[in-house]
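Peer 1: the following comprises the amino acid sequence and a computationally predicted model.
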Amino acid sequence: MMIRIPFACRSCNIPVKPYLFSALVSIISIFFSICDHVANSFPVETPRSLLSRFQLSDEHNLHKALVGKRRENLHQLLYAYKADLDLEKSRSSSSKQSTDEDLLKEIERAERAYGMPWQRSLRSTFQNDDVIESKAHIEGYKNSAPDLCYMPFWEWQLEYMKNNLSNLSYIGCSTQNGDDMAYRETSDGKGRIHSICFQSDEYRHIRMTYYDQGDVGQNFNTMWYPHYTYNLPILGVNLLSRSVLNKHLAIIDFQPLHKAENDHVKLFSSIQRKITKLYPELESDPDDRVLDLQVFSKNMICKRFSREAVVIDSVFPAFHDYVLEHVNLVHTTDPDESANAKEAVMKRHAAYDLYSAVRDPCRLALGKVFGNEWANDFVFEFLYPLCGERRTKEDYWG
């Protein structure tokens, strides 16, 4: 026996049929089900998924939009990328990266070594009273630690490599003599330098180095050497800041292996021009450009600037674009396994290392901070390990 329960609208006390009430509940339930279905049919848009749908010309606008009004905090952009990388990694059923868990744990231990990523820079050690006085309007300037302006670059590169390179592994920072070059700090605590090195199926050697001397100097340097089976340029990035003097320098390049610059221009200059065109603030002036085309290309980014905001607005997205384009070159180039081809590329890598080592100005700068003996070993045996014991300015490109 069915018991009928009377229903009435509480607001107007009008009787309502039970079947009408049930129908209304069903309609509402169907409505929300349709909404859920429609919402789930669209992909979740995140910074990296957006980048994958846009052409390079639109990446600049996306970077600018992500940074927005948070110009003072570049980490906002970094964390957006990191969150998206994690999301894509968890969603993807098949990934290019095949690094096993043990390798990842080793990489993570290397990442955290020596307190990395550093959260605070060293205090300013600049002794020029005029410069200090000119910044007296900044509250607590003498006692505050400057920003680690390139640490987001360091963190982003690590995340990108882990998610886009196959069999990435940490290879240590020892020289052939067994000296560990991973970390060095001055006895007075006014300067420190840390390096980390990797290899993968695509790259035989990737080195990252961060130098922190407070306001006196911040430097992020990274080199990407493809395996000898790839006749491709070396990706070189060198970013320097002396914030106490408002002086900054950005050098980013596909550094050629060919003796003739024309061979390099034909193959890779269009990629470089496409990137530089997006960031007018980084277009090189004649006085800024490095003219030695044996190790630098005509279309390199080599720019001095005084506005620190350029690091956020232009240098970081340009660095990002260069890394993506270089990795894409390796992924889309067929390796040449022949002995002659590999030997030819190896010789060019060695020539590049030697040519760069004997001319790198960082040797003198590091010598003043850490001592000449250590600086020489650091440059010739670690930064450019293929140069061996040869340390004179002969013509190694003949």
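Peer 2: Right, received. Where do you want to start? No experiment lies behind these values; they were computed from the predicted model shown. Numbering: from 1, shown residues only.
Peer 1: my guess is residue 369 contacts residue 191. True?
Peer 2: Yes: the pair residue 369 / residue 191 is scored as a contact, 4.6 Å apart, by C-beta atoms under 8 Å. C-beta: built from backbone N, CA, C; applies to glycine.
Peer 1: name the residues contacting each of those two.
Peer 2: Shared contacts of residue 369 and residue 191, defined by C-beta atoms under 8 Å, 6 or more residues apart in numbering, comprise residue 213.
Peer 1: give me the phi and psi for residue 250.
Peer 2: phi -120, psi 120 (degrees, to the nearest 10).
Peer 1: need the contact list for it.
Peer 2: 238-239, 282, 301-303, 305, 310-311, 315, 318.
Peer 1: ok, now with 7 Å
Peer 2: By C-beta atoms under 7 Å, 6 or more residues apart in numbering, the contact list for residue 250 reads 239, 282, 301, 303, 315.
Peer 1: over to residue 192?
Peer 2: Residue 192 sits next to 184-185, 212 when contact means C-beta under 7 Å, 6+ apart.
Peer 1: any idea what it is bridged to?
Peer 2: When assigned by DSSP bridges, residue 192 has beta-bridge partners residue 185, residue 212.
Peer 1: state the distance from it to residue 230.
Peer 2: Per C-beta to C-beta, to the nearest Å, residue 192 is found 34 Å from residue 230.
Peer 1: secondary structure and neighbour count added to the contacts of residue 250, as JSON lines?
Peer 2: Formatted as JSON lines, the contacts of residue 250 follow (DSSP: H, G, I helix; E, B strand; the rest coil; neighbours: other C-beta atoms under 10 Å):
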{"residue": "239", "secondary structure": "strand", "neighbour count": "21"}
{"residue": "282", "secondary structure": "helix", "neighbour count": "22"}
{"residue": "301", "secondary structure": "strand", "neighbour count": "23"}
{"residue": "303", "secondary structure": "strand", "neighbour count": "23"}
{"residue": "315", "secondary structure": "helix", "neighbour count": "28"}
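Peer 1: between those, which is closest to residue 175?
Peer 2: Nearest to residue 175 among these is residue 239, at 24.7 Å by C-beta to C-beta.
Peer 1: surely residue 275 and residue 322 touch.
Peer 2: Yes: Residue 275 is within contact range of residue 322, at 6.3 Å (criterion: C-beta atoms under 7 Å).
Peer 1: please tell me how far residue 279 sits from residue 168.
Peer 2: From residue 279 to residue 168 the distance is 28 Å (C-beta to C-beta).
Peer 1: between these two, who's got more neighbours?
Peer 2: Shown here are residue 279 and residue 168; by other C-beta atoms under 10 Å, residue 168 has more neighbours (23 against 20).
Peer 1: ignoring the adjacent residues along the chain, who's closest to the more buried one?
Peer 2: Distance criterion C-beta to C-beta, 6 or more residues apart in numbering; nearest residue to residue 168, sequence neighbours excluded, is residue 200 at 4.5 Å.
Peer 1: for residue 110, same thing?
Peer 2: Nearest to residue 110 is residue 170, by C-beta to C-beta, 6+ apart, at 4.4 Å.
Peer 1: okay, now the one you found: neighbour count?
Peer 2: 18.
Peer 1: please look at it and residue 105 and confirm they touch.
Peer 2: No: at 10.0 Å, residue 170 and residue 105 do not qualify as touching, with contact defined as C-beta under 7 Å.
Peer 1: so where do the strands sit in the stretch 51-200 of the chain?
Peer 2: 169-170, 183-185, 192-199 (DSSP state E, counting those that start in this stretch).
Peer 1: now do the same contact list for residue 117.
Peer 2: Counting by C-beta under 7 Å, 6+ apart, residue 117 has contacts 151, 154-155.
Peer 1: show me the residues you listed that map onto helices.
Peer 2: 151, 154-155 (DSSP state H).
Peer 1: between those, which is nearest residue 348?
Peer 2: Nearest member of those to residue 348, counting by C-beta to C-beta, is residue 154, at 27.8 Å.
Peer 1: sorry, back to before: just checking, the residue nearest to residue 168 touches residue 164?
Peer 2: No: Residue 200 lies out of contact with residue 164 (C-beta under 7 Å); the separation is 9.2 Å.
Peer 1: ok, the two, which is more surrounded?
Peer 2: residue 200 (23 against 19).
Peer 1: how about the helices of this protein, start to end?
Peer 2: Going by DSSP H, the chain shows helices at 18-40, 47-53, 56-67, 75-91, 101-112, 129-134, 151-164, 261-278, 309-310, 316-332, 339-357, 362-370, 372-377.
Peer 1: report the rounded mean pLDDT for the shortest one.
Peer 2: Per-region confidence: helix 309-310 scores 90 on mean pLDDT.
Peer 1: where in the stretch 251-398 of the chain is pLDDT low?
Peer 2: 259-265, 285-294, 388-398 (pLDDT under 70).
Peer 1: can I get stretch 211-225 in PDB, CA atoms only?
Peer 2: In PDB, the C-alpha atoms belonging to stretch 211-225 read as follows (Å, rounded to 0.1, in the frame of the first residue of the first chain):
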ATOM      1  CA  TYR A 211      78.400  32.000  -8.600                       C
ATOM      2  CA  ASP A 212      77.300  34.200  -5.700                       C
ATOM      3  CA  GLN A 213      79.200  37.100  -4.300                       C
ATOM      4  CA  GLY A 214      76.300  39.200  -3.200                       C
ATOM      5  CA  ASP A 215      75.900  42.500  -4.900                       C
ATOM      6  CA  VAL A 216      79.400  42.300  -6.200                       C
ATOM      7  CA  GLY A 217      78.400  39.600  -8.700                       C
ATOM      8  CA  GLN A 218      75.800  37.000  -9.600                       C
ATOM      9  CA  ASN A 219      76.500  34.600 -12.400                       C
ATOM     10  CA  PHE A 220      74.700  31.700 -14.000                       C
ATOM     11  CA  ASN A 221      76.500  29.700 -16.600                       C
ATOM     12  CA  THR A 222      75.300  26.600 -18.400                       C
ATOM     13  CA  MET A 223      76.800  24.600 -21.300                       C
ATOM     14  CA  TRP A 224      75.000  21.900 -23.300                       C
ATOM     15  CA  TYR A 225      77.200  19.500 -25.300                       C
END
